[in-house]
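Peer 1: pasting the sequence and the predicted model now:
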Amino acid sequence: MEIEEFWNNYTSSERELFQKSCRRLLKQTFIVRDKDEESKRAYFFVSKNLEPFSAYLGYIGFDVTADRENGVVMLRNCRDMGESGKLQINHVTLKKLESVVLCCLWILYTDRVRAGSLSKNIVISMTDLRFELEKYKIKDQVDKSTMTGILSLLSRYQLLQVIGKVGDEDCRICMYPSMQFALDAEEFQKFAEDAQRRMRPEGEEDARADEEESEDASWDEDNQEEPGGADWEDGAEEDV
């Protein structure tokens, strides 16, 4: 069916909800069923009408899908479809610290799920998040003001809700099931490697490269006198 056919069959209230839901998806990417009553209403309407939403938003390069087990409707970017045919979540460019905080939250969410948590909404403390940030050696770079801004940004995309006030001892972060769709395992691996590289102090990477070059030179010198040295080196290159 064409979008006009769906539209003509809608009541006035359904047309209004369709318009609101489209704007909501374009603005925040996710609609989470169990966030609140308004979200629940939008979730059920979109999840039951995926075809007209995908048809309408497909004109500007988007698709809409639903994960009914987790209660999440999401906007996906058709323009990023590669040879594998895999659709990518609508992309948002984040700053360095925002990226690392998201990465840490994603780890905390998926770890809780793997540990057998039955709750779709995972609640953690600020201590849990700061402990994870220590692994990237940036805990001291994320002060109260910065953390408040980052969590506020992520909450706009329906990934989490801050319970309380950042900086208070009893502050908690409720992560929605949409968090697991913010990254996939392959994206996370690349994400973590890039984040660790960007976290290195200036000059450290050059020093590391110089050290590796020095080690390579030392390896060549040590193996020049070995009878089969050249053949071994060729074989190693082929394996790599």
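Peer 2: Perfect, thanks for sending it.

Peer 1: pLDDT score for the closest residue in space to Phe53 that isn't next to it in sequence?
Peer 2: Of all residues not flanking Phe53 in the chain, Val64 sits nearest, at 4.3 Å (CB to CB, 6 or more residues apart in numbering). The way it works is simple: take the backbone N, C-alpha and C, and place the C-beta from them, glycine included. pLDDT for Val64: 95.

Peer 1: pull the residues that contact stretch 41-61.
Peer 2: 1-3, 6-7, 14, 17-18, 20-22, 24-26, 31-33, 62-66, 68, 71-73, 75, 77-79 (CB atoms under 8 Å, 6 or more residues apart in numbering).

Peer 1: contacts only, for the closest residue to Tyr109 other than its chain neighbours.
Peer 2: Leaving aside its chain neighbours, Tyr109 sits nearest to Met179 (4.5 Å; criterion: CB to CB, 6+ apart). Met179 sits next to Leu105, Trp106, Tyr109, Ile122, Leu159, Leu160 when contact means CB under 8 Å, 6+ apart.

Peer 1: Leu108 too?
Peer 2: Contacts of Leu108 (CB under 8 Å, 6+ apart): Ile122, Ile124, Asp128, Leu129, Glu132, Met175.

Peer 1: host element of it?
Peer 2: Using DSSP states H and E, the element containing Leu108 is helix 96-114.

Peer 1: taking helix 96-114 as reference, get the angle to the host helix or strand of Ser145.
Peer 2: Element membership of Ser145, judged by DSSP H and E, is helix 144-156. If you take axes from the mean of the first three to the mean of the last three CA atoms, to 10 degrees, helix 144-156 sits at 60 degrees to helix 96-114.

Peer 1: list the strands paired with the helix or strand following helix 144-156, with their directions.
Peer 2: Heading C-terminal from helix 144-156, the first helix or strand you meet, by DSSP H and E, is strand 160-163. Looking at strand 160-163 with DSSP bridges, its partner strands are strand 172-175 (antiparallel).

Peer 1: what residues does the partner strand touch?
Peer 2: 105, 108-109, 121-126, 129, 151, 159-164.

Peer 1: if you set the cut-off to 10 Å instead, what comes out?
Peer 2: With CB atoms under 10 Å, 6 or more residues apart in numbering as the test, strand 172-175 has contacts from 35, 105-106, 108-109, 112, 119-126, 128-129, 151, 154-155, 159-164, 166, 182.

Peer 1: can I get that strand in CSV, CA atoms only?
Peer 2: What follows is strand 172-175, C-alpha atoms only, in CSV (Å, rounded to 0.1, in the frame of the first residue of the first chain):
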residue,chain,number,x,y,z
ARG,A,172,21.2,6.8,39.9
ILE,A,173,21.1,6.2,36.2
CYS,A,174,18.3,4.2,34.7
MET,A,175,19.4,2.8,31.4
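
Peer 1: what's the domain layout of the protein?
Peer 2: 3-89, 96-199 (automatic domain parsing).

Peer 1: ok so, going back, so how do I select the buried members of the contacts of strand 172-175 in PyMOL?
Peer 2: Here is the PyMOL command that picks out the buried ones among the contacts of strand 172-175, judged by 16 or more other CB atoms under 10 Å:
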select buried, resi 35+105+106+108+109+112+120+121+122+124+126+128+129+151+154+155+159+160+161+162+166+182
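
Peer 1: can you get me a residue count around Ala115?
Peer 2: Number of residues near Ala115 (other CB atoms under 10 Å) recorded here: 7.

Peer 1: give me the residue at the spatial middle of the chain.
Peer 2: Centroid check for the chain by CA atoms, centre = their mean gives Ala182 as the closest residue, at 2.8 Å.
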